[in-house]
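>>> Just to be clear, the model below is a prediction. Sequence and coordinates:
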Amino acid sequence: MSPTHEVFNQPPPLTGYDVAADPALLDALHREGAGWAEDEVRELGVLAGSAQAQEWGRQANENPPVLRTHDRFGHRVDEVEFHPAWHSLMTVAVGHGLHAPPWRDRRPGAHVARAAGFYVWGVVDAGHCCPISMTYAIVPALRHAPELAGRFEPLLATREYDFGLRPPGSKRGLLAGMSMTEKQGGSDVRPNTTRAVPAGDGSYLLTGHKWFTSAPMGDLFLVLAQAPGGLSCFLLPRVRPDGSRNGMRLQRLKDKLGNRSNASAEVEYDEAAAWLVGEEGRGVRTIIEMVNMTRLDCVLGTATGMRAGVTHAAHHAANRMAFGRKLADQPLMGSVLADLAIESEATTLAAFRLAGATDRAAAGDDQEAAFRRLALAATKYWVCKRAPAHAAEALECLGGNGYVEESGMPRLYREAPLASIWEGSGNVAALDALRALTRQPDTAEALFAELDQAAGADRRLDQAIARLRKEVSDPAEERARYLAEAMALALQGALLVRHGHPAVADAFAATRLGDEPAWGHAYGTLPSGTDTGTIVSRVTPEILP
């Protein structure tokens, strides 16, 4: 080999590590009542950090799904064809119960345990987490139709991945999707034109066009359509119970910025059979329960992406020399890595606090339900807004190597804006938080009860909470984004002060809170004296022997 081809000063591949060896995650797992799941989460973490799993993620993204509308004889088939790596990813996710099993698990912390698995396994590939999330989220909405829930919930919750077009009742396990958006608008679904006509046997026939249908390869879908009584929610199977294809025509797959391994489609319904979920005219109220559950996964997925980004950046910096020192030992790089780690840990703590609130709300805790109602909307707005800049900075830590597709960082960067768009873009999430404040006063009471548990622990946090109290007393629509940001930052600060590492909590308060935060506009502008070494050590992966 020519001596000019010797490779040196390059980090080893980031494989063979435990993704779940994350102190913020493991502490939250126990604190939120799911410590019993640590062994399974750690097992999944080792698999997620393996070369095999990472290869599945690469292959699934480099070989995106293909739509087959017809077979070779001209028959309509409306099938989505996936690379085998996709099915490997899905088999692991379903086999570890990252979809709907928590709804049938009576153990305290079941939703937190599921959130931990989702957070850990999502590092491998974000795209396949979409149908997993949809299947998790459909259950509480489906329960508005007890007979349908009784038929399908056990199959949605089973840990068997059974891909293919067959009647739902004949399969070992089911996956779900959601279909709301039409050509004329996105978040405002009230003008939807898809119509639902009673069929006379208790079912309805749906006809119309959907501009965006998530996970079109699923078995069941929640769909909004105009019934005689107004906009209503329906459960629509891809295959009718008698085995015939339903009138669900896949027109094309969306050519998306990121999320390449996953299929999203435009769909035409041609007298497609469906069953009413909830009451006629109350479709938005019914389907919003599914939306709120997928919003939780937007926060979890963002936390996953941030953790993956800073882990790759820290690994690179720990193994690369620059100007006579390890890159990680350069003070300015240490400040950048630490700032990324602070953002990541704050997001992780908020995500798992919301997962814990979901668990307790599902068990009947009204206080936790009220807290979740407001805190989820505000947190979803803020952390998802932070994701693209975080991914860009993490990519930059690898320099030109990070801009190369093989590093995996471009895929992370393309994925980063998605969570801020799905299940309500920034304005929708901020306005939802404002709506909760003005229409449900108990949500503000629950949020401040949470924040008050950190009272007196940090002067800067106390100041931020005091300012927030004044702001929420007179909320205005044009200030909705500011309010959502302030609520999310106060919650993150309170959680870090109570549960986070002291160095992380102090740096967060110094930069994100207080009257005059000692922080610039870019990551890596931490104040002098920040314990960057300790903070970065918490996100630097250890390769297993």
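All right, it came through fine.
>>> All the helices of the stretch 351-500 of the chain, residue numbers only.
Using DSSP state H, counting those that start in this stretch, the helices of the stretch 351-500 of the chain run over 366-397, 409-415, 418-421, 426-439, 441-452, 459-472, 480-499.
>>> Pipe the ones you listed into a markdown table and attach mean pLDDT per row.
Formatted as a markdown table, the helices of the stretch 351-500 of the chain follow (pLDDT from 0 to 100):
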| stretch | mean pLDDT |
| --- | --- |
| helix 366-397 | 97 |
| helix 409-415 | 97 |
| helix 418-421 | 94 |
| helix 426-439 | 93 |
| helix 441-452 | 96 |
| helix 459-472 | 94 |
| helix 480-499 | 97 |
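>>> can you list those helices in CSV and add mean neighbour count and distance to Pro102?
No exception for glycine: its C-beta is placed from N, CA and C like everyone else's. Output for the helices of the stretch 351-500 of the chain, formatted as CSV (neighbours: other Cβ atoms under 10 Å; distance: least, Cβ to Cβ, whole Å):
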stretch, mean neighbour count, distance to Pro102
helix 366-397, 23, 15
helix 409-415, 22, 25
helix 418-421, 21, 21
helix 426-439, 20, 24
helix 441-452, 18, 22
helix 459-472, 17, 32
helix 480-499, 23, 22
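>>> how about these, which one is nearest Cys233?
Taking Cβ to Cβ, helix 426-439 is the member of the helices of the stretch 351-500 of the chain nearest to Cys233, at 18.5 Å.
>>> Report the angle between that closest one and helix 459-472.
Between helix 426-439 and helix 459-472, the angle comes out at 80 degrees (axes from the mean of the first three to the mean of the last three Cα atoms, to 10 degrees).
>>> So what sits opposite Thr181 in the bridge?
Phe212 (DSSP bridges).
>>> who's in contact with it?
189, 210-212 (Cβ atoms under 8 Å, 6 or more residues apart in numbering).
>>> quick one, which of the helices of the stretch 351-500 of the chain is nearest to Thr69?
helix 418-421 (25.9 Å).
>>> who does the closest one touch, helix- and strand-wise?
On a contact count with 3 or more Cβ pairs under 8 Å, 6 or more residues apart in numbering; DSSP states H and E, helix 418-421 meets helix 283-318, helix 366-397.
>>> per-residue confidence averaged over the longest one?
Spelled out, it's helix 283-318. Helix 283-318 shows an average pLDDT of 95 in the prediction.
>>> List the buried residues for that helix?
Residues of helix 283-318 classed as buried: 283-284, 286-318 (neighbour count, 16 or more other Cβ atoms under 10 Å).
>>> follow-up on the earlier one: would you mind checking the contacts of Thr181 for buried ones?
Using 16+ other Cβ under 10 Å, the buried members of those are 189, 210-212.
>>> Nearest to Gly49 among these?
After measuring the buried ones among the contacts of Thr181 against Gly49 - Cβ to Cβ - the closest member comes out as Phe212, at 33.2 Å.
>>> about what we covered before: redo the helices of the stretch 351-500 of the chain as CSV? Include distance to Gly529.
Formatted as CSV, the helices of the stretch 351-500 of the chain follow (distance: least, Cβ to Cβ, whole Å):
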stretch, distance to Gly529
helix 366-397, 22
helix 409-415, 30
helix 418-421, 33
helix 426-439, 34
helix 441-452, 27
helix 459-472, 15
helix 480-499, 18
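>>> Buried ones in whichever strand or helix holds Glu79, by neighbour count?
Here Glu79, judged by DSSP states H and E, is contained in strand 76-81. Going by neighbour count (16+ other Cβ under 10 Å), the buried part of strand 76-81 is 78-80.
>>> circling back: so can I have TSV of the helices and strands packed on helix 418-421 showing distance to Asp452?
Converted to TSV, the helices and strands packed on helix 418-421 look like this (distance: least, Cβ to Cβ, whole Å):
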stretch	distance to Asp452
helix 283-318	23
helix 366-397	12
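>>> And those helices: which comes nearest Arg469?
helix 366-397 (14.0 Å).
>>> tell me what the closest one is packed against?
Going by 3+ Cβ pairs under 8 Å, 6+ apart, helix 366-397 lies up against helix 283-318, helix 331-362, helix 409-415, helix 418-421, helix 426-439, helix 441-452, helix 480-499.
>>> Just send those back as a markdown table, with distance to Phe118 too.
Listed next are the helices and strands packed on helix 366-397 as a markdown table, based on distance: least, Cβ to Cβ, whole Å:
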| stretch | distance to Phe118 |
| --- | --- |
| helix 283-318 | 5 |
| helix 331-362 | 9 |
| helix 409-415 | 15 |
| helix 418-421 | 13 |
| helix 426-439 | 20 |
| helix 441-452 | 23 |
| helix 480-499 | 19 |
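>>> Select, out of those helices, the one closest to Gly324.
helix 331-362 (13.6 Å).
>>> so what does the closest one touch, helix or strand wise?
Partner elements for helix 331-362 (3+ Cβ pairs under 8 Å, 6+ apart): helix 23-31, helix 110-121, helix 283-318, helix 366-397, helix 480-499, helix 502-512, helix 532-537.
>>> Alpha carbons only: can I get stretch 215-231 in PDB?
Output of stretch 215-231 as PDB, limited to C-alpha atoms (Å, rounded to 0.1, in the frame of the first residue of the first chain):
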ATOM      1  CA  ALA A 215     -47.500   5.100   7.600                       C
ATOM      2  CA  PRO A 216     -49.700   4.000   4.600                       C
ATOM      3  CA  MET A 217     -48.400   0.400   5.000                       C
ATOM      4  CA  GLY A 218     -50.400   0.000   8.200                       C
ATOM      5  CA  ASP A 219     -53.500  -2.100   8.800                       C
ATOM      6  CA  LEU A 220     -55.800   0.400  10.400                       C
ATOM      7  CA  PHE A 221     -56.100   4.200  10.100                       C
ATOM      8  CA  LEU A 222     -57.900   7.000  11.900                       C
ATOM      9  CA  VAL A 223     -59.400   9.200   9.300                       C
ATOM     10  CA  LEU A 224     -61.400  12.400   9.400                       C
ATOM     11  CA  ALA A 225     -64.400  12.800   7.100                       C
ATOM     12  CA  GLN A 226     -67.600  14.800   6.800                       C
ATOM     13  CA  ALA A 227     -70.500  12.700   8.000                       C
ATOM     14  CA  PRO A 228     -74.100  13.900   8.000                       C
ATOM     15  CA  GLY A 229     -73.500  15.100  11.600                       C
ATOM     16  CA  GLY A 230     -70.300  17.000  10.800                       C
ATOM     17  CA  LEU A 231     -66.600  16.300  10.800                       C
END
